[in-house]
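Chemist: coords please:
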Amino acid sequence: MVVTGECRRPTFAELFAEPLGGQSEVLTQSQYGGGGERMGWRLDEFNIDRFRGLQNVRLTGLGRINLLVGPNDSGKTSILEALSVFANPLDDYNLVSLAVDRDRGVVPFFQPLPESLKWLFPQCAAIDGTEHYSGEIRMSASGSYRVSEMSAVYRELVGVFASALNGDTESPDRETDRRVKGFDEDPVRRGAEIDLKVKYHPGPDLPTVSDAHSFTFRVWEPESFETARKPSAFSLRSELLAPFSHRSHSLSSRFSYALEHGIQRSVIDLMRQIDPQIRDIEILSGRFDRAVLHVKHELSGLVPISMFGEGVRRALSIALTVPGVEGGILLIDEIDAAIHTSALVNLFQFIVNACRQYNVQLFATTHSLEAVDALMESAAGSDEFVFFRLPTMGESATLVRLDREKVRILREDLGQEVR
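Modeler: Purely as a prediction, here's the structure:
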């Protein structure tokens, strides 16, 4: 595996002339299970040719539970982000969300959107930045998921406000430019155009040829972003949970989903493994008729979920997310974040059982040896648990894949460090 950016920037002609890959496999109806889906994991293999700082990453022999470990800055989070992009290959909103999420809590003000988006694409220190940037994301996969390949091309744009070109200093647009867009400081605005393309396995419910296989959108600074893409037949249900996601997600709406599916008692039992004083979870109407999740606590009474610690909210967020991605993939960055080691086995057992029940494929990262041991214990069956160790970025070492039995031998029989 090589985890450095490509140092020669492709030209526009090369980006569009190069085919996205070989011919897609055409599947017959007999190769599909119920609902027009092929049997097997959603993703049996996932390949990242270019994404952020990753290049030529191959994840082969995937299982239901896939754990990524490795040193800091080895690309674990980037792999989860790449999976999220691949699961929503024509979704401009998802791409923008991934781009800006890296800025949360890191910088006091978000970068301009075109700049944030640019960092999803390969960079190279050898390029001085004086020319307009262009870059490409390229990924492929095999499995029952309909999409086989996707690419995204980024082209940097530079323009000026129309009122500046017309010399109309008193037009209504001029006042808008001055007040909203900072026109007086700089009439030049910068933006980006992103072309998204997919190749897919034709099937009974999708045509062999369709205009829906590509989508182009533009973003400009400092304008706000509004998604233009409608729901696509190419999307795979997915959710990326960052270590801080539980602070922003609407847990009340997710608990409503749990109520609809009759799993609220299992969720409450899990919460009691973390805090034995928890008795129940309810949805109450708060200020402005807003639904607020409350916990019935033996000592404190009925308490808003926001009053509980990070561990309770994190575990609850994970537990409530699984049913919502039924038949898809769940991506959890730092799966053990905020969770005490004594609760890891119970939490992971819940996650594994829920993934089996809802046919969800899990991809998770960790730095914790306790998390490796707990997840391995929870995922009985060598075919379900797969372990990947990433090398430090820039190393020539390759990515290492181990199944559950090999990890067990290394940990229990040999006492080896596997992270």
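Chemist: in the stretch 151-300 of the chain, what spans have low per-residue confidence?
Modeler: Applying pLDDT under 70 to the stretch 151-300 of the chain flags residues 161-186, 202-212, 229-232, 286-289.
Chemist: mind running it again at 90?
Modeler: 158-190, 200-215, 220-235, 244-266, 269-275, 283-292 (pLDDT under 90).
Chemist: quick one, helices of it?
Modeler: 162-166, 172-180, 251-261, 264-274 (DSSP state H, counting those that start in this stretch).
Chemist: Could you check how far the strand or helix carrying Val85 is from the centre of its chain?
Modeler: In the assignment (DSSP states H and E), Val85 maps to helix 76-87. The chain centre lies 5 Å from the centre of helix 76-87; the measure is CA atoms, centre = their mean, to the nearest Å.
Chemist: what about it, average pLDDT?
Modeler: The pLDDT scores in helix 76-87 average 97.
Chemist: I'd like to check which residues are in contact with Gly311.
Modeler: Ile274, Ala338, Ile339, His340, Ala343 (CB atoms under 8 Å, 6 or more residues apart in numbering). C-beta here means a position set from N, CA and C on the backbone, and glycine is covered the same way.
Chemist: Counting neighbours, what do you get for the second one?
Modeler: Taking other CB atoms under 10 Å as the criterion, the count of residues near Ala338 is 15.
Chemist: Could you double-check that Val198 sits in contact with Arg146?
Modeler: No - counting by CB atoms under 8 Å, Val198 does not reach Arg146; the two are 9.0 Å apart.
Chemist: tell me, what's touching the two both at once?
Modeler: Shared contacts of Val198 and Arg146 (CB under 8 Å, 6+ apart): Phe234.
Chemist: coming back round to it: wait, which of the contacts of Gly311 is closest to Thr216?
Modeler: Ala338 (39.7 Å; CB to CB).
Chemist: so what's that closest one closest to, chain neighbours aside?
Modeler: Leaving aside its chain neighbours, Ala338 sits nearest to Glu310 (3.9 Å; criterion: CB to CB, 6 or more residues apart in numbering).
Chemist: Now do the one you found against Leu316, distance only.
Modeler: 11 Å (CB to CB, to the nearest Å).
Chemist: Same drill for the two, tell me which one is more crowded.
Modeler: Each of Glu310 and Leu316 has its neighbours counted (other CB under 10 Å); Leu316 has more, 27 against 14.
Chemist: Under a three-state scheme, what state does that one occupy?
Modeler: helix (DSSP: H, G, I helix; E, B strand; the rest coil).
Chemist: Tell me the spacing between it and Val352.
Modeler: Shown here: Leu316 relative to Val352, a distance of 17 Å by CB to CB.
Chemist: so which strand or helix has the closest residue to Val267 other than its chain neighbours?
Modeler: What sits nearest to Val267 in space, not counting adjacent residues and going by CB to CB, 6+ apart, is Ala319, at 4.9 Å. Ala319 belongs to helix 310-321 when assigned by DSSP H and E.
Chemist: Count the neighbours of Pro276 for me.
Modeler: Neighbours of Pro276 (other CB under 10 Å): 9.
Chemist: May I have the secondary structure class of the residue lying closest to Pro71 once chain neighbours are set aside?
Modeler: Nearest in space to Pro71, with sequence neighbours left out and distances taken as CB to CB, 6+ apart, is Thr392 at 4.9 Å. Under three-state DSSP, the three-state class of Thr392 is coil.
Chemist: Find the residue closest to Ser378 in space, skipping its chain neighbours.
Modeler: Nearest non-adjacent residue to Ser378 (CB to CB, 6+ apart): Phe348, at 3.9 Å.
Chemist: repeat for Ser256
Modeler: Ile283 (6.6 Å).
Chemist: Kindly state the beta-bridge partners for that neighbour.
Modeler: Note on Ile283: beta-bridge partners by DSSP bridges are Leu293.
Chemist: What separation do you get for it and Leu347?
Modeler: From Ile283 to Leu347 the distance is 22 Å (CB to CB).
Chemist: Between those two, which has more neighbouring residues?
Modeler: Higher neighbour count among Ile283 and Leu347: Leu347, with 25 against 15, using other CB under 10 Å.
Chemist: Doesn't the more buried one lie inside a helix?
Modeler: Yes - judged by three-state DSSP, Leu347 forms part of a helix.
Chemist: Measure how the helix holding Ala319 sits relative to helix 264-274, angle-wise.
Modeler: 160 degrees (axes from the mean of the first three to the mean of the last three CA atoms, to 10 degrees).
Chemist: C-terminal to helix 310-321, what's the next element?
Modeler: strand 329-332.
Chemist: I'd like to know which elements that following strand is packed against.
Modeler: Strand 329-332 sits against helix 76-87, strand 238-241, strand 361-365, with contacts defined as 3 or more CB pairs under 8 Å, 6 or more residues apart in numbering; DSSP states H and E.
Chemist: among these, which is the most enclosed?
Modeler: strand 361-365 (a mean of 26; mean count of other CB atoms under 10 Å).
Chemist: re earlier: hmm, which of the contacts of Gly311 is lowest in pLDDT?
Modeler: Ile274 (83).
Chemist: right, and it touches Arg314 too?
Modeler: No - Ile274 is beyond contact range of Arg314, at 9.5 Å (criterion: CB under 8 Å).
Chemist: list the residues that contact both of the two?
Modeler: Ile339.
Chemist: Find the nearest non-adjacent residue to Ala343, please.
Modeler: Ile274 (4.9 Å).
Chemist: how near is that neighbour to Tyr200?
Modeler: Distance from Ile274 to Tyr200, by CB to CB: 42 Å.
Chemist: Please apply the same query to Arg411.
Modeler: Distance from Arg411 to Tyr200, by CB to CB: 40 Å.
Chemist: Which one's more surrounded, these two?
Modeler: Legend: neighbour count by other CB under 10 Å for Arg411 and Tyr200, higher for Tyr200 (20 against 16).
Chemist: For the residue nearest to Ser378, which residues are in contact?
Modeler: Ile335, Ala371, Ala374, Leu375, Glu377, Ser378, Ala379.
Chemist: quick one: it from Val400, how far?
Modeler: Phe348 is 22 Å from Val400, by CB to CB.
Chemist: Tell me the secondary structure at Val418.
Modeler: Val418 ends up coil, using three-state DSSP.
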